[in-house]
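Asker: how would this look folded up:
(one chain, ligands or ions: 2)
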Amino acid sequence: MNEFFKTISKIPYEGAKSKNPLAFHYYDANRVIMGKPMKEHLPFAMAWWHNLCASGADMFGRGTADKAFGVAELNTMEHAKAKVDVGFEFMQKLGIEYFCFHDVDIVPEADDIKETNRRLDEISDYILEKMKKTGIKCLWGTANMFSNPRFCNGAGSSNSAEVFAFAAAQVKKAIDITLKLGGKAYLFWGGREGYETLLNTDVKFEQDNIARLMKMAVKYARSIGFTGDFYIEPKPKEPMKHQYDFDAATAIGFLRQYGLDKDFKLNIEANHATLAGHTFEHDLRISAIHGMLGSIDANQGDLLLGWDTDEFPSNVYTATACMYEVLKAGGLTGGFNFDAKNRRPSYTAEDMFAGYILGMDTFALGLIKAAELIQDGRIDDFISKRYASYRETEIGRKIIADETDLEELFAYAENVGTPNLPGSGKQEYLQSVLNDVLFG
Ligand code: XUL
Ligand code: CO
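Answerer: Ligands and ions are numbered 1, 2, ... in the order given. Got it, this is the predicted structure:
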């Protein structure tokens, strides 16, 4: 195989003082943090679509990055194979052990689904060979059920039964390929599972149908021996105005309502959480307390822009908050998929590496700092003390043991007359503690 990134060799760890743009400054794969090497805390994944397919095109202009990878004709099987070659070289050079893909990222979609499926069989053989040679694994697979015009009204939520059938066929094939590649999980991001106006939409019917599709997916996958998790990736809007999987809490409610919660977990994306008006760490916490934190799409948005900018993560505060949640949850069964793309003017091959180096270093720093925050103990200690009245007073113990009722609490309140204030939340002090840990 020809090397594509000829001027770029394996990215070394050189430490924070290094000025080498093609070196890690914080991600030191074998450094042990809280008993585990960094690479086990941070199973990073390459997102096939952004890294190997997207060229920076937007609605105002065509792509800036050349993703032909030396092939004369785009969207051919030759091109698809070149992407495999380049993708594996890229992952090996960065020490990334996983990838995530949509069906249509790995082959060009044909007009006839039978031909698309034949191409998927061919390319997955080719990918499997590379996986065996390199030890690189698949984190999750998914079906793209939002780009093809047939999905303009959604896939599972489409008004058309024929479109629903085609969505189901795509899900079946994508599960087959994910299982063939040993994927840890199968993901649903409800790209156009939502609506624009109630004037033409039966919301209950659409939600029931999405659940039907997911149930069929679980039934089929289990019948062919897939033991991994299913994921929902919540997102509140874009492309649809109202998306049904708005945020973690909404997706959890949906999964429970339809009895899907045993098979599904959540894949939380930072930029989706912020679009929903939450912090990244909020959606991670909500998922974790319900035992549903599966995996992460590691990126960041721009709070001045109202859309999904999918930037490489650089915000160390946020990465620290994220890794604090992940460490507290006992780690991820999934991984950290860089659902992120270079900015349009960053169009060189070196920029592809710079994006991943930034993201991996940011999460490595986040991990180091989150571990320090936990070891420092001041925040955990404060939180524990903040609720002490439920442990240290008789009335508190009775409340959390479910051994009291409104009448008893009424009598208690009347007897006390005027309660004490609940104690300072000390937010400013705690923010200083965080800064001490980050920069002290
Ligand atoms: C879209 C998005 C998707 C999913 C996979 O916002 O995040 O790329 O991660 O379909
Ligand atoms: Co995503």
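Asker: Minimum distance to ligand 2, which residue of the stretch 1-150 of the chain gives it?
Answerer: Residue of the stretch 1-150 of the chain nearest ligand 2, by C-beta to the ion: residue 47 (7.6 Å). The way it works is simple: take the backbone N, C-alpha and C, and place the C-beta from them, glycine included.
Asker: Count the neighbours of the closest residue to that residue other than its chain neighbours for me.
Answerer: Among residues not flanking residue 47 along the chain, residue 339 sits closest, at 5.0 Å (C-beta to C-beta, 6 or more residues apart in numbering). Here the count is done by other C-beta atoms under 10 Å, and residue 339 has 23 residues near it.
Asker: For residue 339, which residues are in contact?
Answerer: 47, 50, 100, 269, 271, 297-299, 310 (C-beta atoms under 8 Å, 6 or more residues apart in numbering).
Asker: Against residue 66, how distant is the residue of the stretch 1-150 of the chain closest to ligand 2?
Answerer: 19 Å (C-beta to C-beta, to the nearest Å).
Asker: chain center to stretch 70-79: distance?
Answerer: Per C-alpha atoms, centre = their mean, to the nearest Å, the displacement of stretch 70-79 from the mean C-alpha position of its chain is 29 Å.
Asker: oh, and call the first residue 50 from now on, that's how I've got it
Answerer: Happy to do that; since the first residue is 50 now, the last one works out to stretch 119-128.
Asker: now do the same end-to-end measure for that stretch.
Answerer: Taking C-alpha to C-alpha, to the nearest Å, stretch 119-128 runs 9 Å from one end to the other.
Asker: Now do the helices in the stretch 50-199 of the chain.
Answerer: 87-90, 97, 126-143, 152-155, 162-183 (DSSP state H, counting those that start in this stretch).
Asker: average pLDDT for the longest one?
Answerer: Which is helix 162-183. The pLDDT scores in helix 162-183 average 98.
Asker: so that helix versus helix 126-143, what angle?
Answerer: 30 degrees (axes from the mean of the first three to the mean of the last three C-alpha atoms, to 10 degrees).
Asker: Pull out the buried residues from helix 162-183.
Answerer: Under the neighbour-count criterion of 16 or more other C-beta atoms under 10 Å, helix 162-183 has 165-166, 168-169, 172-173, 176, 179-180 buried.
Asker: again with the first one
Answerer: Counting neighbours by 16+ other C-beta under 10 Å, one finds that the buried residues in helix 87-90 are 87-88, 90.
Asker: helices or strands up against it?
Answerer: Applying 3 or more C-beta pairs under 8 Å, 6 or more residues apart in numbering; DSSP states H and E, one finds that helix 87-90 makes contact with helix 365-377, helix 398-425.
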